[in-house]
Structures are given as C-alpha cells and as structure tokens.
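> fold the following, please.
(chains A, B, C and D)
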There are 2 protein chains.
Amino acid sequence: MSISDEIKQSSFKNEETKAVINLIFTGNYIVQRQQALMKPFGITMQQFNVLRILQGQKGQAISVLSITERMLDKMSNASRLVDKLFAKKLVSRVQCEKDRRAVDVYILPAGSALLTQIEVHLDEFGKQISQLGEENLTQLNELLDQFRASIS
Amino acid sequence: MSISDEIKQSSFKNEETKAVINLIFTGNYIVQRQQALMKPFGITMQQFNVLRILQGQKGQAISVLSITERMLDKMSNASRLVDKLFAKKLVSRVQCEKDRRAVDVYILPAGSALLTQIEVHLDEFGKQISQLGEENLTQLNELLDQFRASIS
DNA sequence: TTGTAATTAATGTATTAACATTTAATTTTG
DNA sequence: CAAAATTAAATGTTAATACATTAATTACAA
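Numbers count the residues shown, from 1 in each chain, chains lettered A, B, ... in the order given. Below is the predicted model of the structure:
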C-alpha cells in the first residue's frame, strides 16, 4: 500500500514532504511490528537493543554512556533500561575499577539466550525483506544516509 | 554520517538488518528535528499533524475516527490530541448531528495561522532535502512503499 | 420491536519518555 | 595542592504513550 493510501492523503505538496512523511510512517510501522514481536518475551524494543549492544561486546564490559552512544534513540535513559534488564536478571552491573563513576555492564547467559530466541523471529522478518533484493536494499541504505546528511 | 558511524556499529549481519536499523534511526532523527522545530510554537508534532489533517479538509468537518485513520501514528489517542488543541483554542468541536456518537472537528483561524507559521520553517527543511534531487526522492518513496509491502 | 452487536469517543491507568537536577568521582587549572 | 569544572550515572518530575475499559449511540437480526 502506498503512503498515500496508508494515511488517506491523495496528494503531497512535493516529493520532499512526501519522503519525510513516508520515512516517519515507515519507521513507526517497523517499530510497532517489532514491539509486537517482542512483547511475548516480556521485553521492549529498547531493552532488546541494549541487549544486542551488550552482545556485540563479546563478553567485554561496556559503560552506560557507551551504551547510549550506540543506541538508536539517544534520548532514552540507558540507566533505567539497564535497570530493567538487571531486574530481569538478563545483565549484571558492577562499578568500574578504573573510573568509579562508571558502571560496567555485561550480558548474562540468560540475556544471550533470550536474544537468540528473539533473533530467530527477527530473521523471518529479514527473510521477507530480502525479497526486495540486495541492490534495492543497498540503495535504500545509501538514500537514507544521504537523506540525513542533507538536513544535518 | 553513515548509519555505521551514527550508532558506532562497524558491521551488520546483512543488508536487511542494516536497512531496518537505518529506517528506525532515520525516522527517529526526523521526528526529533521536527519536534525541536515545533517546540517554540508550543505544539507537539502529533498535534501539528492533526492540525494539518484538519486544514486538508478545507473547512469541512471531520470526525475523531477519521483523524485517526489519517494519522501517521495510529496508536496515539486522537481524542486527547484534539482535546489539547481545543484547550489552545486552535480547533472547535461539536457533536455531529447525523450521528450523535461522532464529534465534528474544525480548524479555527488561529489554528490555520499557527500552521502557516510553522510550515515556513518546514519549507526550509524541505529545501535542504530537495538537494537530493527529485529522482532520488521518488526512488526513496518507492523503496519505502515496497519495504512496508514486503513485511505486511 | 426489542435485545444484541457494533461503532464512536472519552476516560482510567500503568508504563515510558523527555528533560532537569543531583550525587559522586575525576580532571583541570590557577 | 585546592577549588572549580567536567564527567558518569542515578533520580525526580511532568507529560505523553499504549492499551483497556466505559458510556452513549446506532445498526442489525430474530
């Protein structure tokens, strides 16, 4: 369904406006789909992203600030997200030796296991998307990077 | 800045995953920019979108449900958004004659004026984006529509 | 017609987000 | 070195979001 049909707007002022609206709409759409996917696992998308960042460390510790820098939504509060994951016993958290202001965060085996489980579902998602073809996806990625660059 | 640099992730599992993350990130980025733009006018992006929908009616009334169908984020509560705009005296609200469950919402002159004012700033935004070129933007819009279609 | 289902909007509520502020630790500077 | 500035994380607070539920009205079916 085209963006025109999705939001029942027959025409747009220009192609720029349409692209802006289309990007916001498509972003929202993906977020909603993924949130629905993760809900049965008792985790939010942002919490999932933190887990994925921790997993990417391959056992190494990472500070709360570094987590923030790697997050999709920089505005959200990594401290509280880590707190939620800690409460679920998916991560551990210890004061950093070298800089006692910082906190070292690690993913626990339970966290890795949950991540793997969810990623199976995400892979199905990815499989559907791959129908678009690699060239198209590469082009989409390039256009998105250019888009952000244009309004920086 | 490429998405890799933005979130400090050196590589992605595959192009699909990268596209998903890039879309979410770019959507967030635009939303944050536009929210910052609207903040001085005392209005949120969602409220602005409702105003724009009402303006698109060119004087005709529209129900709360119809507003929801036209919104970018279907999950948000159009009823409360209209309430906020009503409190700011930017819209009026009367019970529909034909169907007394429904409520007719109109934009008031003050609402139109505010909209015009904000759109001046948005146009500058659009001007920057237009540097990408119309062909690129059209292609982006097509890819986004295809992307959503692939995971429907 | 009359009870049942469906629709429209509003409201209740728990969680989350967006900031600002605070606390503790470290770094810099005079 | 001591005071001031900076940094990291946590916490406080207000508003917004995501749903579920409710209340009123309309449509429909027996």
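> is the top helix by length along chain A anywhere near DNA strand D?
In chain A, assigned by DSSP state H, the helix with the most residues is helix A:15-38. Yes. Counting by CB under 7 Å from any atom of the strand, DNA strand D has neighbours in helix A:15-38: A:32, A:35. For glycine as for every other residue, the C-beta is placed from the backbone atoms N, C-alpha and C.
> and the following helix or strand past that helix, what's buried?
Sequence order places helix A:45-56 as the next helix or strand after helix A:15-38, per DSSP states H and E. For helix A:45-56, the buried set under the neighbour-count rule, 16 or more other CB atoms under 10 Å in any protein chain shown, comprises A:45-54.
> about what we covered before: hmm, the longest helix of chain A touching chain B?
Yes. For helix A:15-38 and chain B, the contact criterion (CB under 8 Å from any CB of the partner chain) is met by A:15-33.
> quick one: A:Leu65 and A:Val103, what's the gap?
A:Leu65 sits 9 Å away from A:Val103, going by CB to CB, to the nearest Å.
> near DNA strand D, which residues of chain A show up?
A:32, A:35, A:39, A:63-66, A:77, A:79-80, A:82-83, A:93, A:96, A:99, A:101-103.
> give me the residue from chain A nearest chain B.
Per CB to the nearest CB, the residue of chain A with the smallest distance to chain B is A:Gly27, at 2.1 Å.
> how many other residues sit next to the nearest residue to that residue once chain neighbours are set aside?
What sits nearest to A:Gly27 in space, not counting adjacent residues and going by CB to CB, 6 or more residues apart in numbering or on different chains, is B:Gly27, at 2.1 Å. The number of residues packed near B:Gly27 is 24, by other CB atoms under 10 Å in any protein chain shown.
> over to the one 4 residues further on?
When neighbours are defined as other CB under 10 Å, B:Val31 has 20 of them.
> what of A:Glu142?
A:Glu142: 14 surrounding residues under other CB under 10 Å.
> ok, and the closest non-adjacent residue to A:Ile129?
Per CB to CB, 6+ apart, closest to A:Ile129 is B:Glu16, 4.3 Å.
> ok now the longest helix of chain A, how far from the chain's centre?
Here helix A:15-38 is found 13 Å from its chain centre; the criterion is CA atoms, centre = their mean, to the nearest Å.
> and what of stretch A:112-120?
15 Å.
> show me what counts as buried in it.
A:114-115, A:118-119.
> so what touches it?
A:37-38, A:41, A:43, A:48, A:51-52, A:55, A:90, A:107 (CB atoms under 8 Å, 6 or more residues apart in numbering or on different chains).
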